[in-house]
Each structure stands twice: as C-alpha cells, then as structure tokens.
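Enquirer: Return a 3D structure for these sequence lines:
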Amino acid sequence: MTNLELVTEAAKEVLGVLGQGYKEDVYEEALAHELRLKKVVYERQRNFELLYKGYSIRLNRADFVINPLWAGQGGKELVLELKAVKEINEGHKRQAQVYMLSLNIDEGVVMSFWDDVLVEQVTKPTKDRDLAVAQPRPASGLAVPALLKASAEEVYRYFGQEFIYREDAKDVFPVALGVELRLRGCEFTESKRAVLYKGHSVTSHDFEFCFSDGSVAETTFYKKPEKVDEESEELKFYKKAFGLRAACLIAFPEKEKDEVRVVSVWPGGGVRAYIDIETTDLDRAAGELTLVGIYIENDGQTELVQLYEDSLTKDNLLAALEGTDRLYSYNGADFDLPFIAAKLGVDLADAYRHRDLMYDCWNRNLYGGQKKVEMKLGISRETAGMDGADAAGLWNDYRSKGNPDALKLLLRYNAEDVQNLARIRRKLGVG
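Expert: Residues are numbered from 1 along each chain as shown. Predicted structure coming up:
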C-alpha cells in the first residue's frame with residue numbers, strides 16, 4: 001500500500017471509532033496514535049521558517065509529514081493537512097501548498113473528518129522561490145501611496161495567491177510588507193494611539209506603519225470592494241480623531257482576479273485631482289511635455305496647479321498630488337499618464353487610483369474628444385474652438401517670441417480642460 005492509502009485507512013478507523021463532530025485537534029491526536037499502531041512513520045508539527053526574500057517573518061508547523069526522510073525508508077515525504085469540515089475547499093488546498101513550498105515537499109494531501117473521510121490530493125506549485133537574502137537599496141523618492149502600492153504588489157507577487165488562505169495571513173503579509181519597505185529604504189515604526197476622555201484613556205488604536213512624514217498606514221484583506229470602503233471610513237475617523245497628516249489603507253485581495261489597492265484616506269470624501277497635459281507632439285519620443293494642469297477638490301475647497309518650465313518636475317508634481325485619493329483624466333490611460341511617465345519618470349497610474357472618464361463616456365454612448373463630449377453635456381468654455389494643436393502653437397509662440405499673451409491663453413485653455421473634467425464627472429454621476 002502507498003503512504004496515502006495507509007493514512008486513509010488509519011483515518012477511516014479513527015472516524016469509525018470516534019464518529020463525527022469533534023474538533024480537528026482531537027482527530028489529529030487519534031490519527032497519530034492509529035499511525036503508531038499501524039507502524040506508519042510520521043513527524044508531527046514539523047517546524048519550518050517562513051522567509052520573505054531571505055528574511056525570517058514567522059515560524060510555522062505542518063500537521064503531519066508522512067514518511068520523513070530521517071526514517072530512512074526511501075520514497076517521498078508527504079505533507080498531510082487535517083481538517084474537520086464538510087467540504088475541502090480551494091483555500092484548504094492552498095494552505096497545504098504553502099507547507100509544500102516552504103518544506104520543499106512534492107506530495108501533499110488535505111484530509112477532513114466529517115460523515116466520511118474526505119481526501120484531496122494537492123499539487124505543489126511549480127514556481128521557484130529565491131531564498132537569497134535581498135540587500136537594501138537607496139530610497140526611491142516615491143510618494144508614500146506609490147511606495148506602499150509598489151511594495152504591497154511585490155509582496156503579493158512573491159508569495160502568490162495561495163498564501164492569502166493561510167490562517168495567519170493577516171500577520172504574515174504586514175510583516176513581509178515591512179521587510180519590503182525597509183528594503184526600499186523606507187523606515188517606519190508601529191504606534192499605539194490613545195483615545196482620551198478628559199485626560200483619561202478610554203481605548204486605543206494601533207497603526208501598523210507610521211512614517212517620518214507624519215502619515216500612517218494599515219493593512220486589510222478584501223473579497224468585495226465594499227470591505228475596502230468600510231475600512232477606509234474607519235481609518236478616516238481615526239485620522240481625524242488623532243489629527244494625522246495622512247493615512248493609507250493597503251488592501252490585499254482574497255480573490256484571484258482582484259488587485260492590491262492602496263487608498264489614501266481624507267476627511268470630506270477624499271481628495272479628487274483632475275489632470276491634463278499639453279505637449280508639442282502626440283508622439284512621446286518626439287514631443288515635449290510643456291504643461292501639466294491639476295485641478296484639486298478637497299472637502300469643498302478647490303485649487304488649480306499648473307506646472308511648466310522650471311516648475312515642471314517630478315517632485316513638484318508629486319507634491320501637488322499629495323493626499324490625492326482619486327485621479328481623473330480624459331484619455332489619460334493611453335496618453336497623459338504614459339507621457340508623464342516617459343518624461344518625468346513617475347507612473348501616476350501605479351501611484352494613485354486613476355479613472356479615465358473617456359471610458360465612462362463611452363459606456364453612455366458619448367464618443368469623441370473631451371471638447372465634443374462637453375458640448376453634448378452642455379458644458380461651456382471660454383476657449384471654445386481651440387484644440388491640442390492650437391495649444392502647441394501657443395507654447396511655440398511663447399517660447400520662440402516671448403509672447404506673454406500666448407502663455408496666458410494656453411494656461412486658460414489648460415485650466416478649462418481640468419476644471420471641465422470635474423464637471424464631466426459630476427454630469428456622469430461617477431465616483
């Protein structure tokens with residue numbers, strides 16, 4: 001008989017004697033005794049060190065390893081993960097995969113004690129894990145939301161989806177994220193903040209990550225977007241209660257097709273920024289980025305920022321967008337944001353939650369460029385009739401001839417572009 005057949009036979013004997021209804025640890029203890037009676041060699045609760053890029057983040061144990069190598073019986077080891085559930089689901093199997101990967105054991109099985117002994121064999125994931133110790137590198141200079149998103153995505157990529165199903169995932173992922181942040185040159189501390197009533201502490205709140213710029217961050221896991229919204233509201237409350245400069249929620253997905261999300265949390269429903277650029281050519285390789293316009297809405301207040309000439313830098317752009325919860329554009333996914341990435345070296349689509357309103361317009365049968373859509377929606381502008389080619393001509397007139405009126409008109413044209421993006425969003429009724 002194979003090792004799996006021997007273990008299954010022993011498990012059926014245990015269930016036949018004990019019956020259904022006990023907790024997992026009871027069946028584990030009984031199975032260990034039955035395996036001894038049947039002279040099946042095993043190792044219980046084998047320790048292994050869970051590593052992230054060569055850094056230890058947690059010690060773990062597998063329920064059983066059948067036919068351990070030290071027994072000298074030949075053949076392969078088998079990871080056995082026990083459950084006491086009606087149905088073995090994908091999460092249970094993926095938990096076994098974690099043990100198989102971490103222990104480098106090729107064979108695995110999940111076994112559950114219910115009205116019968118359920119058995120599901122598990123395939124070891126084919127990916128290799130590099131256990132070399134990663135070396136810290138200089139700070140990237142990214143704004144905190146962008147750094148958090150890049151770091152969280154790297155942790156999620158490194159571990160893979162199966163690690164989400166670990167019972168201790170809520171501990172493993174934040175610790176690994178801390179390692180990744182420090183590898184990227186970002187230092188942080190943990191912090192417990194007390195809620196005071198007339199000087200008396202009535203409760204407290206723990207922040208997982210507190211950064212030198214005064215911002216904080218927390219992690220969560222979500223299956224539905226509503227979970228992210230709910231926890232964002234809670235974090236918004238604590239940000240206001242403690243007078244924090246900024247706060248971010250890092251949300252790891254529990255479903256394979258979802259993405260890591262980082263939400264910047266602000267009172268008043270979040271900071272919205274609308275962005276539009278002016279260039280000398282549609283081709284990123286041949287064209288020059290001449291002007292970046294940003295229109296900001298924050299808790300009933302608005303601000304217009306226009307960066308050009310010496311002010312048009314990566315640092316100034318990130319400073320203008322600091323605290324932004326949502327970034328809006330029109331055709332920005334294909335034009336504005338890639339152009340900015342090519343010229344300034346910052347990927348705004350990666351740093352912020354970006355919504356391209358052009359696709360929302362398409363979903364409502366509103367086609368054409370931004371100006372055409374504005375006309376269909378009844379939105380007016382003083383610079384009606386101008387387009388991108390005219391804007392390029394104005395820039396050339398300003399730079400070659402020093403014409404201040406050309407610059408003034410260009411700035412007004414760009415201002416209407418970003419301000420009307422806000423009007424389009426409200427007309428469409430999108431968040």
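Enquirer: CA atoms for contacts and neighbours, from now on please.
Expert: Fine.
Enquirer: how about the helices of the stretch 151-300 of the chain, start to end?
Expert: 169-183, 225-242 (DSSP state H, counting those that start in this stretch).
Enquirer: now the ones you listed as CSV including distance to Glu9?
Expert: Output for these, formatted as CSV (distance: least, C-alpha to C-alpha, whole Å):
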stretch, distance to Glu9
helix 169-183, 33
helix 225-242, 43
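Enquirer: tell me the most buried of the ones you listed?
Expert: By mean neighbour count, with neighbours taken as mean count of other C-alpha atoms under 10 Å, helix 169-183 ranks first of the helices of the stretch 151-300 of the chain at a mean of 19.
Enquirer: Counting by contacts, list what that one packs against.
Expert: If you count contacts as 3 or more C-alpha pairs under 8 Å, 6 or more residues apart in numbering; DSSP states H and E, helix 169-183 packs onto strand 55-66, helix 144-159, strand 215-222.
Enquirer: which stretch in these is the model least sure about?
Expert: For these, the weakest mean pLDDT is recorded on helix 144-159, namely a mean of 85.
Enquirer: Buried residues, that one. List them.
Expert: 144-156, 158-159 (16 or more other C-alpha atoms under 10 Å).
Enquirer: who does that helix touch, helix- and strand-wise?
Expert: helix 169-183, strand 246-253, strand 261-265, helix 348-351.
Enquirer: by how many degrees do the worst-scoring helix or strand of the chain on mean pLDDT and strand 246-253 diverge?
Expert: Counting by mean pLDDT, DSSP states H and E, the chain has its least confident helix or strand at strand 261-265, which shows a mean of 81. Strand 261-265 and strand 246-253 are oriented at 160 degrees to each other (axes from the mean of the first three to the mean of the last three C-alpha atoms, to 10 degrees).
Enquirer: Strand 261-265: partners in the sheet, and parallel or antiparallel?
Expert: Here strand 261-265 has these sheet partners by DSSP bridges: strand 246-253 (antiparallel).
Enquirer: just the CA coordinates of the strand it pairs with, formatted as PDB?
Expert: In PDB, the C-alpha atoms belonging to strand 246-253 read as follows (Å, rounded to 0.1, in the frame of the first residue of the first chain):
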ATOM      1  CA  ALA A 246      -2.400  61.500   6.100                       C
ATOM      2  CA  ALA A 247      -3.400  57.900   6.200                       C
ATOM      3  CA  CYS A 248      -3.400  55.000   3.700                       C
ATOM      4  CA  LEU A 249      -5.300  51.700   3.600                       C
ATOM      5  CA  ILE A 250      -3.400  48.800   2.000                       C
ATOM      6  CA  ALA A 251      -6.000  46.200   0.800                       C
ATOM      7  CA  PHE A 252      -4.800  42.700  -0.300                       C
ATOM      8  CA  PRO A 253      -7.300  40.800  -2.400                       C
END
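Enquirer: The helices of the stretch 151-300 of the chain into JSON lines, with extra columns for mean pLDDT?
Expert: JSON lines is the format used below for the helices of the stretch 151-300 of the chain (pLDDT from 0 to 100):
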{"stretch": "helix 169-183", "mean pLDDT": "90"}
{"stretch": "helix 225-242", "mean pLDDT": "88"}
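Enquirer: Ok, which of the helices and strands packed on helix 144-159 comes nearest Phe207?
Expert: Phe207 lies closest, by C-alpha to C-alpha, to one member of these: strand 246-253, at 9.8 Å.
Enquirer: Tell me how far that closest one lies from the chain's centre.
Expert: 7 Å (C-alpha atoms, centre = their mean, to the nearest Å).
Enquirer: repeat for stretch 404-414
Expert: For stretch 404-414, the distance to the chain centre is 39 Å (C-alpha atoms, centre = their mean).
Enquirer: Could you list the residues in contact with it?
Expert: 276-278, 293, 306, 383, 386, 391, 394-395, 397-398 (C-alpha atoms under 8 Å, 6 or more residues apart in numbering).
Enquirer: Of all the residues in that stretch, which ones are buried?
Expert: In stretch 404-414, counting by 16+ other C-alpha under 10 Å, buried: 406-407, 410-411, 413-414.
Enquirer: Look up how far Asn331 lies from Phe188.
Expert: 37 Å (C-alpha to C-alpha, to the nearest Å).
Enquirer: Please name the nearest non-neighbouring residue to Ala247.
Expert: Leaving aside its sequence neighbours, Ala247 sits nearest to Val216 (C-alpha to C-alpha, 6 or more residues apart in numbering; 4.8 Å).
Enquirer: right, and that neighbour touches Asp206 too?
Expert: No: in this structure, Val216 is not within contact of Asp206 by C-alpha atoms under 8 Å, at 10.3 Å.
Enquirer: more neighbours, the two?
Expert: Val216 (25 against 11; other C-alpha atoms under 10 Å).
Enquirer: So what pairs up with that one in the strands?
Expert: Here Val216, judged by DSSP bridges, has bridge partners Cys210, Ala247.
Enquirer: And Ser201, by the same measure?
Expert: Going by DSSP bridges, Ser201 forms beta bridges with Leu196.
Enquirer: how much space between it and Val195?
Expert: Taken as C-alpha to C-alpha, the span from Ser201 to Val195 is 6 Å.
Enquirer: Show the contacting residues for Ser56.
Expert: Here Ser56 is in contact with 49-50 (C-alpha under 8 Å, 6+ apart).
Enquirer: for the helices of the stretch 151-300 of the chain, which one sits closest to Lys427?
Expert: Comparing these by C-alpha to C-alpha, helix 225-242 comes nearest, at 22.9 Å.
Enquirer: contacts for that closest one?
Expert: Residues contacting helix 225-242 (C-alpha under 8 Å, 6+ apart): 193, 220, 222, 245-247, 249, 251, 263, 265-267.
Enquirer: measure Gly243 to Val144 for me?
Expert: 18 Å.
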